[in-house]
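>>> coords please:
(4 chains)
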There are 2 protein chains.
Amino acid sequence: MEKDASSGLIDSSEANNLSGQLRSTVGRLYRRFRSERAEGTLGDTALEVLTFLHKNGPHTLTELSDVGQVAPASMSQSVNRLTAAGYAIRTPDPNDRRKVRFSTTPEGAELAIVTRNQRNAWLDTQLQRLSPEDRGIIARACRLFGDIVDSP
Amino acid sequence: MEKDASSGLIDSSEANNLSGQLRSTVGRLYRRFRSERAEGTLGDTALEVLTFLHKNGPHTLTELSDVGQVAPASMSQSVNRLTAAGYAIRTPDPNDRRKVRFSTTPEGAELAIVTRNQRNAWLDTQLQRLSPEDRGIIARACRLFGDIVDSP
DNA sequence: TATTGTTATACTCTATAACTATA
DNA sequence: TATAGTTATAGAGTATAACAATA
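Residues are numbered from 1 along each chain as shown, chains lettered A, B, ... in the order given. Below you'll find the predicted structure:
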């Protein structure tokens, strides 16, 4: 397509722009997933943190911000919403009193399960329409994506 | 394995929860991509709209909100930021005066190119580390994702 | 000094509701 | 009436900066 001749910048030549394709696709998928949100009061990010805690057990704030790819201060506010709503609790670490471990309450665990199923319903339907082979492709891609996200 | 035939409800049974895996992975990827943002004043979504317009030519507001998976009112504000900053312009449709076509200005086109390259730099590096076969997997997955996003 | 977590502040993004203008 | 777009308002999410407490 077009490039700025003076800058000599890369053009992307459509055909081979896997990065752009992946970024664009991921962005659209993300917003599509988000639009399936439940009507509850908790937002998208808070629910993701809740389901993570439910699935993976208690974690510190720093761990959560690393996993969630956000700044610690951002995660602090997300978990604030969870604790304020009674879905998670803080537990000081007895060995290192700077640390706080966050975990789900029973109410939080129940909400995590309900929410997960609600939010997966649409996507499950779409995935079931695919062939087993295509689902395999997606599963393999997910593993590759996981490695990429954790790259420095 | 993953379904309850009687209720039709998905159960998830950990092991084979492809939906959950995909949602979680996409969320992390999205936030990781976003963290590579340029230092400019424009936010993530506005930049995505700008690069879309640069690549795909003028579009109406409704078209943009469909592509972006957001409400028209949300997209209206995103393009407002673009036009206010001088990176895009409105052009009334002469055939249907309800419609407005949005397109990039020369400044917007240049910013789109610079931004795209900045934002792809990190991802390009990661993708180049993969084998050609693995990149093929990702490319195939992207095509599958595209179909999924456009599903009702 | 370095790490962990928090609060203060400001911005982007998004949705819903109510509105105008055109078809 | 239906469609395209806008504005008003509110809330979630995020970042940076400044801070406190602990190591």
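>>> contacts and neighbour counts: CA atoms only from here.
Noted.
>>> For chain A, list the residues in contact with DNA strand C, please.
Counting by CA under 7 Å from any atom of the strand, chain A comes close to DNA strand C at A:31, A:35, A:60-63, A:72-74, A:76-77, A:80, A:98-101.
>>> Quick one: residues contacting the closest residue to A:Ala88 other than its chain neighbours.
Leaving aside its chain neighbours, A:Ala88 sits nearest to A:Thr104 (4.2 Å; criterion: CA to CA, 6 or more residues apart in numbering or on different chains). Counting by CA atoms under 8 Å, 6 or more residues apart in numbering or on different chains, A:Thr104 touches A:Leu50, A:Leu53, A:His54, A:Pro58, A:Tyr87, A:Ala88, A:Ile89.
>>> on that earlier part again, just the buried residues of the residues of chain A next to DNA strand C.
Those of those that meet the buried threshold are A:Arg31, A:Thr60, A:Leu61, A:Thr62, A:Pro72, A:Asn80, A:Lys99, A:Val100, A:Arg101, by 16 or more other CA atoms under 10 Å in any protein chain shown.
>>> who's in contact with the second one?
The reference is to A:Thr60. With CA under 8 Å, 6+ apart, A:Thr60 has these contacts: A:Lys99, A:Val100, A:Arg101, A:Phe102.
>>> what's the second one in contact with, if anything?
Spelled out, that is A:Val100. A:Val100 neighbours (CA under 8 Å, 6+ apart): A:Thr60, A:Leu61, A:Arg90, A:Thr91, A:Pro92, A:Asp93.
>>> Just put those in a markdown table and tack on secondary structure.
Formatted as a markdown table, these follow (DSSP: H, G, I helix; E, B strand; the rest coil):
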| residue | secondary structure |
| --- | --- |
| A:Thr60 | strand |
| A:Leu61 | helix |
| A:Arg90 | strand |
| A:Thr91 | strand |
| A:Pro92 | strand |
| A:Asp93 | coil |
